[in-house]
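In: got a predicted structure here, sequence first:
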Amino acid sequence: MLRIVGVLGAGLVLAQPTLRRQDSDQSVPVPMTPAEIASLGDPFVRLVLRPNPAVTSLDQIDQLILGPSTANRRLLFIVSEQIADPAIRPGSTRRTVTAFSGLNSGIRLNPNVMLSVDLHPSGFSPVIESWGWDDAARRYNFYRLDGEPLTWKFRGSSLDADIARDRSGKCIRCHISGAPVMKELLLPWNNWHSPRSIADYLTPGAPNAWPVANTPRLGNLASAEDLMNFVISAIRRFTTRRIEALANGTAVSNGPRLLAPLFSTTEYNIASAEQLTNLHPIPNPVPNQAAPPVAIDVPDVFFLNANQFAGAGITGYQGLGLPEARKFDTLVKITPAEYRSLVRDIRTGFPDRRGDANFAWFVPEASHADNEMIDQILRRGIISREFAASVLAVDIENPVFSPRRARLLGLVPQSFNGPAALTKAVLDRLNALNPQPNTPEADFRTLLSSADPAGAVRARITAYHARVQAQLNGGPAARRNELRRLYRLMLDRRLLAGNDAILRPLVESPLLFPRRVQ
Amino acid sequence: MFDYTDPGGTLRPKAALTNYRNLLHAQYRQFATQARSAFTLLEAFQTVKPAKKSTATVDWLAFPKTATATFAQIDANRQLQDEYVEWRVERTASRITRITFCTDFREYYEAIAMVSKAALVTAIQRVIPGANPANAQLFGAGFNPDTATAEARAFRFRNNLANNPWNNGTRGIFCLTVGVNSIPALFSLTGFAAVPNAAVPAGSICATLGGNCVPGRNSDPSIATAVQTLAKQARGLSLADPVGIQAARLDGVWQVNGTDVDPNDLTANQGIWRVSRGGRRAVLNNVAGLTLDGAPVTSGAQVAAVFKVQAAVISALEADLPDWARIGQETSQRLQDAANAPAAAAARAGGTP
């Protein structure tokens, strides 16, 4: 929108279109002052909106971000719960994410600026969402191009997103902690174009290619694996800045806020087996005799927070020195016939069709956002390994959405300095509570006051593993019952993700999670 | 025979290049004759117009996904580095000074070893200036390379690689040593994955290939799925020349003393990342103040977690390929003729598609 700023002679003087601020979908956009715009320091505003506030062309925006360096790159990623459907249908859309790498005018692009745009079979939506990382302000800034005529709005930032009460109509409705969200962060990326699941109809030159596939933008089609690296980096840096805001060395000014990711599920990622189910009802209904082509390996993170207990892996967590947690990775191998029976007998599907996800055992897991926070506060010596292990061992079999573990956060003092002080303060509170047996508080106290908390947790992990193994090896009936118990637990966890008051918006489509159907 | 390119530029004297080409050709030929496989000889693409053929890259992370070990353990054990990328970490006291990543196949150096020990030493010195490997370091104790046959030299060289200090990380690294990081493994994976299999989705093909594809790795399933997808699109395919694994890029946030650096801009990255040998060797110089995602560089595995490598696959619609290169023609005499033909003549063998 053009603003009239004055009258000169007989003509109107028109100012450049200006960035506007819109706090939520429901609020009216208002022009931002130059001082307000100057206070935004992310790459998107610096490279795009300040010099060219009226720009609406995706290609021009790309060029403004990339700048003149031929070493800079643009990468396009595609995600959709219907990614497996090559057909062009009414209303067919896919979500694209565009990331950039390199430096422009000394400004790092990777992973500091991204665009998100809907893709249609023959082109792109004019509506563009963007975020940029403002390192000085320690926050992500969100922008959106929409309206008639199209105008850019500043849609708020990640500042205090983790404690926000009102998320309605705001970007932080989905960016729960404020950081970028990639629910299927690690391989095999159920709903993303990736080497494990190629959306060939979006690859240039494919026989069944959508018209848009042969446009230059799709020439930069990249694997979800590349985005994974961008997002891991982005969350790592975001976490560092959050800690710096809440702690000075080991002196913590807001314990419950800093330690929330250790106790509760502030975000989740979605894990799965690496095997395809062959039971995915998109695009076509599943034939009666269909079954997975190979046996299914249930991922260890379904059983417990193996990434945090054991450490290592692609994210490089230091971990808690409990490699026994990784043994769950080979604990449950489900035959194709068994898996088929589980999906059919427990009547799994989507609202309008029976079947399963593309990859098997698609289930919410502890997020990189939460685990990265735990890892960094461990490395910084803010909490001890024993303290972290004791917390995570409470309700160990529910690595996400555990109200029993979450309520223990209330024991964390507002401020403390160092792991010894934290442990003492929490133990003092637990002792004062004198909790009833079989409560999470009693369990936590037992572990934390143990002479060897890590050893106690190790014993718990080992016993847990042995118990499941015994059931699986206990004869056909015992095995069947145990597999059904685990499968139902997995389905319940999907439901919990969809029912969580804050995390519910992350289930963006009824086609994300197969559930029990009638 | 196709004029296979020397990927590292160090196959000297000419006999080494000939050895290498023969070795490669045997692999191409073996899998071009694999029943029902869309894999074919590179010669088949010489007659296809540029607009009718394409080269796709398949990339993956160098980090060994199958290793349930700490970064330090992965650094210390080359056998864990099974993604067609291996590395050497150099330290001064406790600080890392340099990490060298390598994707050169051992078969490359075997081709040189077949010529002579002197040729082998020269080739190693081109990669590791100042290297002066002794006979026992190259071939093991009690072996005289000057009197041995070419095949014996290659055999002893290969079998001693884990003990060779110029390659096992003690004093250097110049080629891959892990059993599955080999040219035959790459060809087996590609050749068998190129058999169209209507019974399983492309993404499941790896699990059907037996020992030729390890589902838990980053590389194998990525290559197999890409190849199977092409085969199902009725495209003939082959490993592009020069065959091998190349450095693609470093992801992550890299800074020197708090200032952003793009390691992939090789002309302006302050020397922190150097790529050579056609992308088969990459060196990270851990200069003072260098950080990755805000943390100092403390292991090679940490860098491998953001290091992407790639392999290239050339393909064209079967209908655009010469008859002899299509599925079902694996036993044809014309394919044999093409495989046996001198390089210049091979281009003519298929006629005009």
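Out: Here it is on my side, so go on.

In: drop to CA atoms for contacts and neighbour counts, all remaining ones
Out: Noted.

In: A:Val457 in helix, strand or coil?
Out: Using DSSP: H, G, I helix; E, B strand; the rest coil, the structure places A:Val457 in helix.

In: ok, A:Pro149 - how many residues close by?
Out: As a burial measure, A:Pro149 scores 8 neighbours (other Cα atoms under 10 Å in any protein chain shown).

In: which helix or which strand is home to it?
Out: Under the criterion DSSP states H and E, no helix or strand holds A:Pro149.

In: distance of it relative to A:Pro126?
Out: 11 Å (Cα to Cα, to the nearest Å).

In: and the closest residue to A:Leu304 other than its chain neighbours, what are its phi and psi?
Out: Nearest residue to A:Leu304, sequence neighbours excluded (Cα to Cα, 6 or more residues apart in numbering or on different chains): A:Pro399, at 5.0 Å. Main-chain dihedrals, A:Pro399, degrees, to the nearest 10: phi -70, psi -20.

In: also A:Phe154?
Out: Here is the backbone geometry of A:Phe154 (degrees, to the nearest 10): phi -80, psi 120.

In: which residues are in contact with the residue most central in space within chain A?
Out: Nearest to the mean C-alpha position of chain A, by Cα atoms, centre = their mean, lies A:Lys183 at 3.5 Å. Contact analysis of A:Lys183 by Cα atoms under 8 Å, 6 or more residues apart in numbering or on different chains lists A:Tyr268, A:Asn269, A:Ile270.

In: and the second one, helix, strand or coil?
Out: In terms of secondary structure, A:Asn269 is strand; the call rests on three-state DSSP.

In: mind pulling up the pLDDT for it?
Out: On pLDDT, A:Asn269 comes in at 98.

In: ok, it touching A:Leu185?
Out: Yes - proximity of A:Asn269 to A:Leu185 meets the contact threshold set by Cα atoms under 8 Å, at 6.5 Å.

In: the two: which has the busier surroundings?
Out: More crowded of A:Asn269 and A:Leu185, by other Cα under 10 Å: A:Leu185, with 23 against 20.

In: contact partners for the more buried one?
Out: A:Met228, A:Val231, A:Asn269, A:Ile270.

In: one step back: burial measure for the residue nearest to A:Leu304, as a count.
Out: Neighbour number of A:Pro399 under other Cα under 10 Å is 24.

In: that one and chain B, how far apart?
Out: Distance, A:Pro399 to chain B, by Cα to the nearest Cα, to the nearest Å: 20 Å.

In: is the closest residue to A:Ala136 other than its chain neighbours in a helix, a strand, or coil?
Out: Among residues not flanking A:Ala136 along the chain, A:Gly41 sits closest, at 7.4 Å (Cα to Cα, 6+ apart). Following three-state DSSP, the label given to A:Gly41 is coil.

In: got it, and the one 4 residues further on?
Out: At A:Val45, secondary structure determined by three-state DSSP is helix.

In: how many residues are close by it?
Out: With other Cα under 10 Å as criterion, A:Val45 counts 27.

In: could you list every residue that touches the residue lying closest to it once chain neighbours are set aside?
Out: The shortest distance from A:Val45 to any non-neighbouring residue, by Cα to Cα, 6+ apart, is to A:Gly132 (7.7 Å). By Cα under 8 Å, 6+ apart, the contact list for A:Gly132 reads A:Asp42, A:Pro43, A:Phe44, A:Val45, A:Asn112, A:Val113, A:Met114, A:Tyr140, A:Asn141, A:Phe142.

In: B:Ser276 and chain A, how far apart?
Out: 17 Å.

In: surely that residue touches B:Ala282?
Out: Yes - between B:Ser276 and B:Ala282 there is a contact under Cα under 8 Å: 6.2 Å.

In: who has more neighbours out of those two?
Out: A count of neighbours by other Cα under 10 Å puts B:Ala282 above the other of B:Ser276 and B:Ala282, at 21 against 14.

In: tell me how many other residues crowd the nearest residue to the more buried one once chain neighbours are set aside.
Out: Of all residues not flanking B:Ala282 in the chain, B:Val275 sits nearest, at 4.3 Å (Cα to Cα, 6+ apart). Per other Cα under 10 Å, the neighbour tally for B:Val275 reads 19.

In: for the one 10 residues further on, same thing?
Out: Taking other Cα under 10 Å as the neighbour definition, B:Asn285 ends up with a count of 18.

In: can you list the residues of the stretch 101-250 of chain B near chain A?
Out: By Cα under 8 Å from any Cα of the partner chain, the residues of the stretch 101-250 of chain B that approach chain A are B:200-204, B:207-208, B:221-223, B:225-226, B:229, B:233.

In: show me where the stretch 1-150 of chain B has its helices.
Out: Secondary structure of the stretch 1-150 of chain B (DSSP state H, counting those that start in this stretch): helices located at B:14-32, B:71-76, B:106-113, B:117-127, B:135-139, B:150-159.

In: among those helices, which is the most enclosed?
Out: helix B:106-113 (a mean of 25; mean count of other Cα atoms under 10 Å in any protein chain shown).

In: next, the angle helix B:150-159 makes with that helix.
Out: Taking axes from the mean of the first three to the mean of the last three Cα atoms, to 10 degrees, one finds helix B:106-113 and helix B:150-159 inclined to each other by 140 degrees.

In: so what are the sheet partners of the strand or helix carrying A:Pro126 and their directions?
Out: Under the criterion of DSSP H and E, A:Pro126 resides in strand A:123-134. Strand A:123-134 sits in its sheet next to strand A:113-120 (antiparallel), strand A:139-146 (antiparallel), going by DSSP bridges.

In: deepest-packed of those strands, please.
Out: strand A:139-146 (a mean of 22).

In: quick check, stretch A:343-361 touching chain B?
Out: No - between stretch A:343-361 and chain B, judged by Cα under 8 Å from any Cα, nothing touches; the nearest distance is 9.7 Å.

In: what are the buried residues along that stretch?
Out: Neighbour counts using 16 or more other Cα atoms under 10 Å in any protein chain shown place A:343-344, A:346-350, A:353-361 of stretch A:343-361 among the buried residues.

In: mind listing what residue 86 touches?
Out: Answering for chain A, as no chain was given. Contacts of A:Pro86 by Cα under 8 Å, 6+ apart are A:Ala199, A:Asp200, A:Tyr201, A:Asn208, A:Pro283.

In: oops, wrong one, chain B.
Out: With Cα under 8 Å, 6+ apart, B:Glu86 has these contacts: B:Arg78, B:Phe101, B:Cys102, B:Thr103, B:Leu176.

In: let's see 6 Å
Out: Residues near B:Glu86 by Cα atoms under 6 Å, 6 or more residues apart in numbering or on different chains: B:Phe101, B:Cys102.

In: from B:Val306, how far out is it?
Out: 14 Å.

In: and the residue nearest to B:Ala282, helix, strand or coil?
Out: B:Val275 is classified as strand under three-state DSSP.

In: tell me how far it lies from A:Glu386.
Out: 43 Å.

In: re earlier: dump the strand holding A:Pro126 to PDB, keeping only the CA atoms.
Out: Taking C-alpha atoms only, strand A:123-134 is exported to PDB below (Å, rounded to 0.1, in the frame of the first residue of the first chain):
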ATOM      1  CA  GLY A 123       2.800 -22.500 -10.000                       C
ATOM      2  CA  PHE A 124       3.300 -20.900  -6.700                       C
ATOM      3  CA  SER A 125       0.900 -19.100  -4.400                       C
ATOM      4  CA  PRO A 126       1.500 -15.300  -4.200                       C
ATOM      5  CA  VAL A 127       1.300 -15.600  -0.400                       C
ATOM      6  CA  ILE A 128       4.800 -15.900   1.100                       C
ATOM      7  CA  GLU A 129       5.800 -16.500   4.700                       C
ATOM      8  CA  SER A 130       9.300 -15.800   5.800                       C
ATOM      9  CA  TRP A 131      11.400 -15.800   8.900                       C
ATOM     10  CA  GLY A 132      14.900 -14.300   9.600                       C
ATOM     11  CA  TRP A 133      17.200 -14.700  12.600                       C
ATOM     12  CA  ASP A 134      18.200 -11.500  14.400                       C
END
